[in-house]
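take a look and give me a structure for this.
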Amino acid sequence: MAVEVVYRSSRDLERLFMDKAEADRHDKMLELAEALAATLQKVSPELTERQADDIGIFMARHRELFAKAFKNNPEVLAELPESIETGT
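All right, here's what the predicted structure looks like:
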């Protein structure tokens, strides 16, 4: 019988990872997504919780592109996918 070590995300208990660093990255991404969703709902209260969560996850998953866009390089946003895929 083989023994496998797996890691579970503390914010996404259904998802398992084979690598601790990958689980940590996923947790950090979800933490950023949660903060973004809360901020979006503060400035735009008409957003549903689901919409804010989806947008927050999308932005967190693509944070490198958004960071470049915020540094006076808005054209990089054209590289973003056409649809939101949360995958959570």
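
hey, C-alpha coordinates of the biggest helix by length in the chain in CSV?
Using DSSP state H, we find that the single longest helix of the chain is helix 20-43. What follows is helix 20-43, C-alpha atoms only, in CSV (Å, rounded to 0.1, in the frame of the first residue of the first chain):
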residue,chain,number,x,y,z
LYS,A,20,2.5,22.5,0.1
ALA,A,21,3.7,25.6,-1.8
GLU,A,22,0.9,25.2,-4.3
ALA,A,23,-1.7,24.9,-1.5
ASP,A,24,-0.2,28.1,0.1
ARG,A,25,-0.4,30.0,-3.2
HIS,A,26,-4.0,28.9,-3.6
ASP,A,27,-4.8,30.2,-0.1
LYS,A,28,-3.1,33.5,-0.8
MET,A,29,-5.1,33.9,-4.0
LEU,A,30,-8.4,33.2,-2.2
GLU,A,31,-7.4,35.6,0.5
LEU,A,32,-6.8,38.3,-2.1
ALA,A,33,-10.0,37.4,-3.9
GLU,A,34,-12.0,37.8,-0.6
ALA,A,35,-10.5,41.2,0.1
LEU,A,36,-11.2,42.3,-3.5
ALA,A,37,-14.8,41.1,-3.3
ALA,A,38,-15.4,42.9,0.0
THR,A,39,-14.0,46.1,-1.5
LEU,A,40,-16.1,45.8,-4.7
GLN,A,41,-19.2,45.4,-2.6
LYS,A,42,-18.4,48.5,-0.5
VAL,A,43,-18.0,50.7,-3.6
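
tell me the buried residues in it?
Going by neighbour count (16 or more other C-beta atoms under 10 Å), the buried part of helix 20-43 is 23, 26-27, 29-30, 32-34, 36-37, 40-41. In this view, the C-beta of every residue, glycine as well, is placed from N, C-alpha and C.

give me the contacts around that helix.
Outside helix 20-43, the residues within contact range by C-beta atoms under 8 Å, 6 or more residues apart in numbering are 7-12, 15, 17, 47, 49, 52-53, 55-57, 59-61, 63, 88.

now do 7 Å
With contacts defined as C-beta atoms under 7 Å, 6 or more residues apart in numbering, helix 20-43 is touched by 7-12, 15, 17, 47, 52-53, 55-57, 59-61, 63.
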